[in-house]
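> no FASTA, just this:
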């Protein structure tokens, strides 16, 4: 996969997480996952169409999702994911992908994104029809992380 498709995801994700959560964040070691793969128990799925197509999976554990939702809801305590906090987590994915779309547009690449879908559960097994996934860990200062799994099918 061409690095021009990966860098916008890294840069935007770090910036948005830092702004929204008021924490420091950095890119972890990028690696490749084979399909199917096991995801953490909270997954935001956003589809991509346009000059290239694919999907992006933002995965995290429930504690991280609750912490992020709390930050997005101005510090309101979020002990467990309910519909309001799931909506906040979905908006995180939407904000990241909206900004990623703008970054691509500025480079002459046009994409559209689908509305986010949030899945919460355990032992989630995600299949990308045999296509390898580029995984970008975004490490947050409190020891948690968000995994960004990108599947691009040109």
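Yep, it's here. Just so it is clear, the structure is predicted and the values come from calculations on it, not from any experiment.
> so where do the strands sit in this protein?
With DSSP state E as the criterion, the chain has strands at 25-27, 31-33, 37-39, 42-50, 54-60, 111-113, 117-120, 124-126, 133-140, 145-152.
> what does stretch 61-74 rub up against?
With Cβ atoms under 8 Å, 6 or more residues apart in numbering as the test, stretch 61-74 has contacts from 17, 20-22, 40-42, 60, 76-81, 84-86, 88-89, 91-92, 120, 140, 142, 144-146. In this view, the C-beta of every residue, glycine as well, is placed from N, C-alpha and C.
> List buried residues within these.
Among the contacts of stretch 61-74, those classed as buried by 16 or more other Cβ atoms under 10 Å are 17, 20-21, 40-42, 60, 78, 81, 85-86, 88-89, 91-92, 140, 144-146.
> Out of those, which sit inside helices?
For these, the ones inside helices are 17, 20, 21, 85, 86, 88, 89, 91, 92, with DSSP state H as the criterion.
> Give me the most central residue, the chain.
Geometric centre of the chain, nearest residue: residue 58, 2.8 Å, by Cα atoms, centre = their mean.
> For it, name its beta-bridge partners.
residue 44, residue 148 (DSSP bridges).
> Could you do residue 49 as well?
Taking DSSP bridges, one obtains residue 112 as the residues bridged to residue 49.
> Tell me who's in contact with it.
Taking Cβ under 8 Å, 6+ apart as the test, what residue 49 contacts is 111, 112, 113, 114.
> so which of these comes closest to residue 152?
Within these, the smallest distance to residue 152 is 10.3 Å, found for residue 111 (Cβ to Cβ).
> and the closest residue to the closest one other than its chain neighbours, what does it touch?
Setting aside the residues directly before and after it, residue 111 is nearest to residue 50 in space (Cβ to Cβ, 6 or more residues apart in numbering), at 3.8 Å. Counting by Cβ under 8 Å, 6+ apart, residue 50 makes contact with 109, 110, 111, 112.
> Most neighbours among the residues you listed, please name it.
Highest neighbour count within the contacts of residue 50, by other Cβ atoms under 10 Å: residue 111, with 20 neighbours.
> That one contacts residue 99, correct?
No: with contact defined as Cβ atoms under 8 Å, residue 111 does not reach residue 99; the gap is 12.0 Å.
> Now do the same contact list for residue 139.
With Cβ under 8 Å, 6+ apart, residue 139 has these contacts: 25, 26, 27, 28, 145.
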